[in-house]
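Visitor: need a structure here:
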Amino acid sequence: MARKPREKKKLPQTKIKIAFEKETVDLSLDQIAAVRIIPPAVLKGKQFQKILASIREEGIVEPPAVFPDKGSKDKYILLEGHLRIAALKELGKSRVTCLVSTDDEAYTFNKHADHPPPVQEHKMILKAVKRGVPEERIARALNCDVASIVRRRTLLTGVCKEATCLLKDKMVAVNVFSILKRMKPMRQIEAVTLMNSANIYSHSFAKAMLARTPKSQLVEPDKPKKIKGLSDPDMVHMESESGRLQEEYLLAEESFNKNKMDFIIARGYLGALLGNARVVGYLARYRSDILSTFQKIAEITSLRGTAA
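Guide: Presented below is the predicted three-dimensional model:
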């Protein structure tokens with residue numbers, strides 16, 4: 001007897017909530033209440049000066065995000081765009097067009113909105129140049145000289161696509177890319193992978209990786225590395241130790257990931273036990289020491305033992 005084909009289960013229909021209202025709103029700066037104070041040092045920093053120059057030259061490109069203040073009519077809470085609002089005030093502007101959020105959680109927005117990573121900034125400059133925007137105008141918008149724009153425009157020339165992709169959303173020191181260009185593609189990928197694993201994107205870290213890169217993995221193997229503070233014998237020693245250290249690092253990382261998974265499973269199991277009133281009652285009556293240990297483990301949020 002032929003079996004009847006199984007009916008496909010229909011997934012329940014759910015409504016997707018939009019993040020912003022369809023229409024923007026034009027607001028007076030006096031109507032917008034900031035949720036955090038910008039330190040004076042930030043307002044004197046290079047990044048704020050770039051934003052200031054960009055708004056002066058091009059105006060607001062990405063509107064700030066606000067949420068209606070339920071406790072005050074015609075007032076809005078600023079969720080994202082504090083530096084842009086501060087720049088508008090410094091420039092003597094009185095109004096701004098804003099996106100109206102349907103959620104009042106400020107942390108849901110891109111925390112790097114005012115600080116584009118170098119790879120993204122490079123792409124923005126390329127797009128502007130292709131549209132015919134003069135480099136002098138881009139330099140004014142970013143508050144830098146034309147030579148700096150040329151360097152950023154060619155930032156990724158010589159860096160392989162795979163390494164670029166791994167760094168696309170990372171706040172990397174710009175001079176790191178000049179170090180990567182001295183390495184062959186496979187070594188670039190290895191170096192960037194180590195950067196991501198260590199979460200370090202400094203020029204000194206990149207130089208350390210260059211120092212222990214074998215000559216066979218360099219674009220110009222006959223060219224001296226010339227790294228300040230390191231002699232040729234030091235670099236030869238670092239090269240010989242590089243493979244062993246990298247292998248040990250990867251093994252340690254693999255072991256750490258396994259231990260982390262075991263910890264998550266164990267913590268979940270203990271959490272389920274402690275959710276059972278009968279188990280907790282028994283341990284409290286007969287083995288309070290074990291109950292205390294279980295509770296401490298269940299409260300740990302990482303392998304470093306940081307409590308919630």
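
Visitor: where in the stretch 51-200 of the chain is pLDDT low?
Guide: Applying pLDDT under 70 to the stretch 51-200 of the chain flags the ranges 104-116, 143.

Visitor: repeat the analysis, applying 80 as the threshold.
Guide: Within the stretch 51-200 of the chain, the segments meeting pLDDT under 80 span 54, 57-58, 61-62, 71-73, 102-117, 121, 124, 128, 138-145.

Visitor: can you give me the strands in it?
Guide: 65-68, 76-80, 95-100 (DSSP state E, counting those that start in this stretch).

Visitor: buried set for stretch 177-188?
Guide: Applying a neighbour-count criterion of 16 or more other Cβ atoms under 10 Å, one finds 177, 179, 180, 181, 182, 183, 185, 187, 188 buried in stretch 177-188. C-beta here means a position set from N, CA and C on the backbone, and glycine is covered the same way.

Visitor: so the fifth one sits against residue 215, correct?
Guide: Going back to what we said before, that points to residue 182. No. Using Cβ atoms under 8 Å, residue 182 makes no contact with residue 215, being 10.9 Å away.

Visitor: any idea how far residue 194 is from the nearest residue to residue 136 once chain neighbours are set aside?
Guide: Once flanking residues are discounted, residue 136 sits nearest to residue 146: 5.9 Å by Cβ to Cβ, 6 or more residues apart in numbering. Between residue 146 and residue 194 the computed distance is 34 Å (Cβ to Cβ, to the nearest Å).

Visitor: so these two - more neighbours on which side?
Guide: Neighbour count, other Cβ atoms under 10 Å: between residue 146 and residue 194, residue 194 has more, with 18 against 14.

Visitor: how near is the more buried one to residue 54?
Guide: 34 Å.

Visitor: how about residue 181?
Guide: Distance of residue 181 to residue 54, computed by Cβ to Cβ: 28 Å.

Visitor: repeat for residue 286
Guide: Here the criterion is Cβ to Cβ. By it, residue 286 lies 68 Å from residue 54.

Visitor: just the CA atoms of the host helix or strand of residue 208, as PDB, please.
Guide: Using DSSP states H and E, residue 208 sits in helix 203-211. Taking C-alpha atoms only, helix 203-211 is exported to PDB below (Å, rounded to 0.1, in the frame of the first residue of the first chain):
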ATOM      1  CA  HIS A 203      51.200  49.000  13.700                       C
ATOM      2  CA  SER A 204      53.600  47.500  16.200                       C
ATOM      3  CA  PHE A 205      51.800  44.100  16.100                       C
ATOM      4  CA  ALA A 206      51.900  44.100  12.300                       C
ATOM      5  CA  LYS A 207      55.700  44.800  12.500                       C
ATOM      6  CA  ALA A 208      56.200  41.900  14.900                       C
ATOM      7  CA  MET A 209      54.500  39.600  12.400                       C
ATOM      8  CA  LEU A 210      56.600  41.000   9.600                       C
ATOM      9  CA  ALA A 211      59.800  40.300  11.600                       C
END
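
Visitor: so for that helix, what gets flagged as buried?
Guide: The neighbour-count check on helix 203-211 (16+ other Cβ under 10 Å) flags 205, 206, 207, 208, 209, 210, 211 as buried.

Visitor: ok, now which ones touch the second one?
Guide: The contact partners of residue 206, taken as Cβ atoms under 8 Å, 6 or more residues apart in numbering, are 173, 175, 176, 179, 180, 191, 195.

Visitor: buried residues of stretch 147-159, list them for me.
Guide: 149, 151, 152, 153, 155, 156, 159.

Visitor: narrow those residues to those in helices?
Guide: In helices, defined here by DSSP state H, the members of these are 149, 151, 152, 153.

Visitor: contacting residues for the third one?
Guide: By that I understand residue 152. By Cβ under 8 Å, 6+ apart, the residues touching residue 152 are 118, 121, 122, 125, 174.

Visitor: the fourth one: how many residues sit nearby?
Guide: The number of residues packed around residue 125, counting by other Cβ under 10 Å, is 22.

Visitor: give the contact list for it.
Guide: Residues in contact with residue 125 (Cβ under 8 Å, 6+ apart) are 138, 149, 152, 153.
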